[in-house]
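Trainee: Compute the structure for the input listed below.
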Amino acid sequence: MNSTEGNVSRRTLIKTGAVLGGGVFAGMSLSQAIWAAEGKVLKARSYNDTSTFDPGFYSEYVGIDVANCIYSKLIRYKPGSEWGWELEAAERIEQVDPTHIRFLLKKGIKFTGGYGEMTARDVKFSFERVIKHNSPIKPDWGSFDHVEIEDDYTGVIVFKSPFVAVWNVALPFGVGHILSEDAVMKATGNGSTFGLKPPAFSGPYVLADWKAKQYTLLTRNPDWSGPKPGFDEIRIIPINDDKTAERAYQAGDVDFTRVSLDSFATLNSNPPTDTKIEKHAALGYTWIGMNMDHPKLKDINVRKAIQWAINVPQILGAAFAGQAEVATGTIPPGIVGHRDKALVPPEGDLAKAKEFLEKAGVSDLTLTIDCLNESTDTTIAQTVQAQLSQIGITVEVNVQDSGSFWTLGMESEGDRWKEMQLSVMSYSSLPDPHYATSFFVQDQVGIWNWERFRSGRYDELSAKGVTLSDPNERAKVYQEMQDLMEESGAYRFLTHGSTPVMYRTTHTQAATLPDGRPLFLNFKPV
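Mentor: Residues are numbered from 1 along each chain as shown. I've put the predicted structure just below:
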């Protein structure tokens, strides 16, 4: 979820991603401005800012990139071209039956700050606090109930009903990180989120420094007794805009970055010196969302008019340089539940769109569309603006920074959700259909379900899909769920995109997941 996509950093030395680029190219290198480069240092770009270092309450995937370095999980994703997992803090782990998973912890994993060795008690605390304190990402745990402790190193994860997504979502990703119960309780008093101040670490790195809107600095953990990671330091610099990041790479300020799709062809044919470029199939999904509770969008005929007026290939040509494929829903090709085609054809139909507007009895309609201040998103919004003008709808584009945008639809952040109308939305995803659909259940209205979509049938299917071990049966469930989303009129699916990355081969051998996300622990110095 994009961006849902745990976290990385904000910045004050240089105000935003765009301004950061100005600083780099006004004659002062970012690395010169902040650090003296010594030792084995990895300088990597993250595409977003952060709001928390608590993996049990993550809101951006870039935070999980950090969490992977400073905490430990029972299992973790493996780098490479195929999705899979491997043991991390667990010596052994097994599915005993459909609702029970037994684990045995490795001995000798220490928490910093004198908080002692990791035990099954810490596993129990870490997993259960996500549910107890109603974390926004508790859907990652599905039907999880509790952890039974057998001894200091052994425990059983208990579910109320089968939850097959646990192996692809909960355990190897965010909520699977294990924290020190004593440290978190001391820091928070009740075990709730500690936000930007981690009280203890258990991974190969520690969070040495963090400057809002500037950087995150990770250094080696002196208490770490496991395999030694490749770099002495990892410096993660948040830059929202891909173009700005590409310029930062050219200036030598970062050694690893994602690149924009419209730059990919040029960079791939003429890469920077000592640079490798890779293109990965992304798991995320981008769509135009509509707030069904807004008075102007309550009529389904208005929403369907918008769906049919949006020409997806035109948007992809303008915003993705023709380098991205049309999405049929939230689930990409290769993942269980992918639909062969959407209900509304990619090109739409202006005549049909006008018919829906006439049925609604609406004319001279004026709407707003919110988007991130990132070139791809603003281009999508402007293209939608032009397309809807063809059926007589005037659209005002509201461009916002990430801090403002990612709280728009959250009721906990105030009443701005009431004013939301259209939005350009992009969520990251994981290699399981549950993750690509779980944020649209009714319990997520006002949290991550910003369209405020409500369907009893959808919720019923969501609960059923995670219990099915047969992939064919699962596929039918998730395909129907995407049908229900589209039939509501509140969604126009655009693309899953793709993730080109580039890195400096004289400095590092990068390691990524199949979708191009970095696994910094597996990066090797050259």
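Trainee: Quick one: residues contacting I101.
Mentor: 93-95, 156-157, 166 (CB atoms under 8 Å, 6 or more residues apart in numbering). (Each C-beta comes from the backbone N, C-alpha and C, glycine too.)
Trainee: What of R454?
Mentor: Under the criterion of CB under 8 Å, 6+ apart, the neighbours of R454 are 292, 442, 445.
Trainee: quick one: low-confidence parts of this structure?
Mentor: Under the criterion pLDDT under 70, the flagged ranges of the chain are 1-39.
Trainee: Show me the helices in it, by range?
Mentor: Secondary structure of the chain (DSSP state H): helices located at 17-24, 30-34, 61-70, 120-132, 181-188, 242-250, 261-269, 300-309, 312-319, 350-360, 375-389, 402-405, 456-465, 471-487.
Trainee: Could you list the buried residues of the third one?
Mentor: Put plainly, it is helix 61-70. 61-70 (16 or more other CB atoms under 10 Å).
Trainee: now do the fifth one
Mentor: Residues 181-184, 187-188 are the ones in helix 181-188 that count as buried (16+ other CB under 10 Å).
Trainee: just the fourth one next, same as before
Mentor: Buried residues in helix 120-132, counting neighbours by 16+ other CB under 10 Å, are found at 120, 122-130.
Trainee: out of the buried residues of helix 61-70, who's nearest L494?
Mentor: Closest approach between the buried residues of helix 61-70 and L494, by CB to CB: Y61, at 19.2 Å.
Trainee: Would you mind giving the buried residues of helix 61-70 as TSV with distance to D140 added?
Mentor: Supplementary listing: these in TSV, determined by distance: CB to CB, whole Å:
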residue	distance to D140
Y61	12
V62	17
G63	14
I64	11
D65	17
V66	18
A67	13
N68	15
C69	20
I70	19
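Trainee: Just flag the most distant two among those residues.
Mentor: When the buried residues of helix 61-70 are compared pair by pair using CB to CB, the maximum separation belongs to Y61 and I70, at 15.4 Å.
Trainee: so which of the buried residues of helix 181-188 comes closest to L196?
Mentor: Relative to L196, and with distances defined as CB to CB, the nearest of the buried residues of helix 181-188 is A187, at 11.5 Å.
Trainee: who touches the nearest residue to that closest one once chain neighbours are set aside in this structure?
Mentor: Closest residue to A187 in three dimensions, ignoring its sequence neighbours and counting by CB to CB, 6 or more residues apart in numbering: P199, at 3.9 Å. By CB under 8 Å, 6+ apart, the contact list for P199 reads 113, 180, 183-184, 186-187.
Trainee: if you set the cut-off to 10 Å instead, what comes out?
Mentor: Contacts were defined as CB atoms under 10 Å, 6 or more residues apart in numbering; by that measure P199 touches 111-113, 115, 179-180, 182-188.
Trainee: Can I get the buried residues of helix 120-132 in CSV including distance to G252?
Mentor: Rendered in CSV, the data for those read as follows (distance: CB to CB, whole Å):
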residue, distance to G252
A120, 46
D122, 41
V123, 42
K124, 46
F125, 43
S126, 39
F127, 42
E128, 46
R129, 42
V130, 40
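Trainee: nearest to T366, of those?
Mentor: Proximity of these to T366 was ranked by CB to CB; the top entry is V130 with 41.6 Å.
Trainee: Name the nearest residue to that closest one, ignoring sequence neighbours.
Mentor: When the adjacent residues along the chain are set aside, V130 lies closest to G56, with 4.6 Å between them (CB to CB, 6+ apart).
Trainee: cool, R258 as well?
Mentor: V501 (5.3 Å).
Trainee: Identify the bridge partners of that neighbour.
Mentor: Taking DSSP bridges, one finds R258, E278 as the beta-bridge partners of V501.
Trainee: Am I right that it is in contact with K279?
Mentor: Yes. Between V501 and K279 there is a contact under CB atoms under 10 Å: 8.1 Å.
Trainee: Give me the common contacts of the two.
Mentor: In terms of CB under 10 Å, 6+ apart, V501 and K279 are both contacted by the residues 259, 264, 516.
Trainee: Scan those and report the most crowded one.
Mentor: Neighbours here mean other CB atoms under 10 Å. Within the shared contacts of V501 and K279, the largest count is held by V259, at 23 neighbours.
Trainee: what's the distance between that one and E181?
Mentor: Distance check for V259 against E181: by CB to CB, to the nearest Å, it reads 42 Å.
Trainee: Ok, T50 next?
Mentor: When CB to CB is the yardstick, T50 and E181 sit 24 Å from each other.
Trainee: which residues in the stretch 101-250 of the chain form strands?
Mentor: Assigned by DSSP state E, counting those that start in this stretch, the stretch 101-250 of the chain shows strands spanning 110-111, 116-117, 144-149, 154-159, 177-178, 205-211, 215-220, 233-238.
Trainee: nearest to D401, of those strands?
Mentor: With respect to D401, and counting by CB to CB, the nearest of the strands of the stretch 101-250 of the chain is strand 233-238 at 11.6 Å.
Trainee: what pairs with the closest one, and is each one parallel or antiparallel?
Mentor: For strand 233-238, the paired strands and their directions (DSSP bridges) read strand 41-46 (parallel), strand 215-220 (antiparallel).
Trainee: All set, thanks.
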